[in-house]
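1. I would like to see how this sequence folds:
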Amino acid sequence: MAEIVDNPQPYWYRDTWAPQDCYLSFAIREHLHHQRTPFQVLDVFETHSFGTVMTLDGIIQLTDRDNFIYHEMMAHVALFCHRDPRRVLIVGGGDCGVLQQVLQHRQVQQLIQVELDEAVTAAAQRFFPELCTSNDDPRATLLFQDAVQWVAQAQPGSVDVCIVDSTDPLGQAERLFGPAFYGHCQRMLADGGILVVQSESPLLHGHVVQSIRQGQREAGFSAVRTMTFPQPTYPSGWFSATLAGKNNDLLHPRQEAADPGRSLATRYYNAAIHQAAFALPSFAMAW
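-> This is a model prediction of the structure:
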């Protein structure tokens, strides 16, 4: 839920974090783009302090200023936890920021991204071109179709790492959360494979984190770990992702993770962040 408040100047964009009775507002310079796609309403704004902002159905998806944190954490933690990540699937990820980060890993030989709404990628290419510099990498294949169906039909053992970079668990995206979908992911992953799912704010959406963890366990994953990281423009400013390992304890990152600066261009992720991200607050111990 969002609204544009036009009095007083400057114009303000308000993203309401329902049902938490709070919201995040941006002073906007210009409303750059409005589009009703077959699946959702897409808007792009130019703000005074966070650069370009994309929203879907009134919910902030990314900003120039802080998108690197989310994209780096969704990609590098899982990839460094895998002993040899050659085949990667991204579910969603239409802005292509995670794709860009994944392809920094030399081991990756094939990346398939399955995004439902092609309009999101088209908007990213137009308004966030810096995130789309790897879209033409010969290792990458971008598909625009239903990822739930794609995963259900995938060959067993055909993927090493699956990254679910989805919107909130509402509408079409709700099908990406639950043991049925996770079960298809578990079957699709090769031995030692990893599934990582964005799991919302641990402060505001603890029930979502718990549900994801339970669903991954029910799907037969041998290890489940939740990491947290700051994300200023997502609800509460504190976000999470939950990893599930298929015969992978998620505890032993590859040696390259000890010095990612030698192979990766990152602004947030490093070896210390990798370890610290899995430290959970006391209230989360029951998860």
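2. C-alpha only now, for contacts and for neighbours.
-> Fine.
3. can you get me a residue count around Asp95?
-> For Asp95, the number of neighbouring residues by other CA atoms under 10 Å comes to 27.
4. measure it to Phe68 for me?
-> Per CA to CA, to the nearest Å, Asp95 is found 12 Å from Phe68.
5. and Asn135, by the same measure?
-> Distance from Asn135 to Phe68, counting by CA to CA: 17 Å.
6. tell me the first helix or strand C-terminal of the helix or strand where Gln216 lies.
-> Assigned by DSSP states H and E, Gln216 belongs to helix 206-218. Under the assignment DSSP H and E, the closest C-terminal helix or strand after helix 206-218 is strand 223-230.
7. now the following helix or strand past that following strand against helix 206-218, angle please.
-> Moving toward the C-terminus from strand 223-230, the next helix or strand (DSSP H and E) is strand 238-245. Orientation check (axes from the mean of the first three to the mean of the last three CA atoms, to 10 degrees): strand 238-245 against helix 206-218 gives 10 degrees.
8. quick one: contacts for the closest residue to Thr16 other than its chain neighbours?
-> Excluding the flanking residues, the one nearest Thr16 by CA to CA, 6 or more residues apart in numbering is Tyr23, at 4.1 Å. By CA atoms under 8 Å, 6 or more residues apart in numbering, the residues touching Tyr23 are 14-17.
9. surely Val91 touches Val161?
-> No: contact criterion CA atoms under 8 Å: Val91 and Val161 do not qualify, at 10.8 Å.
10. comparing these two, which residue is more hemmed in?
-> Neighbours were counted for Val91 and for Val161 using other CA under 10 Å; Val161 has more, 29 against 24.
11. quickly note the distance from that one to Phe127.
-> Val161 sits at a distance of 28 Å from Phe127 (criterion: CA to CA).
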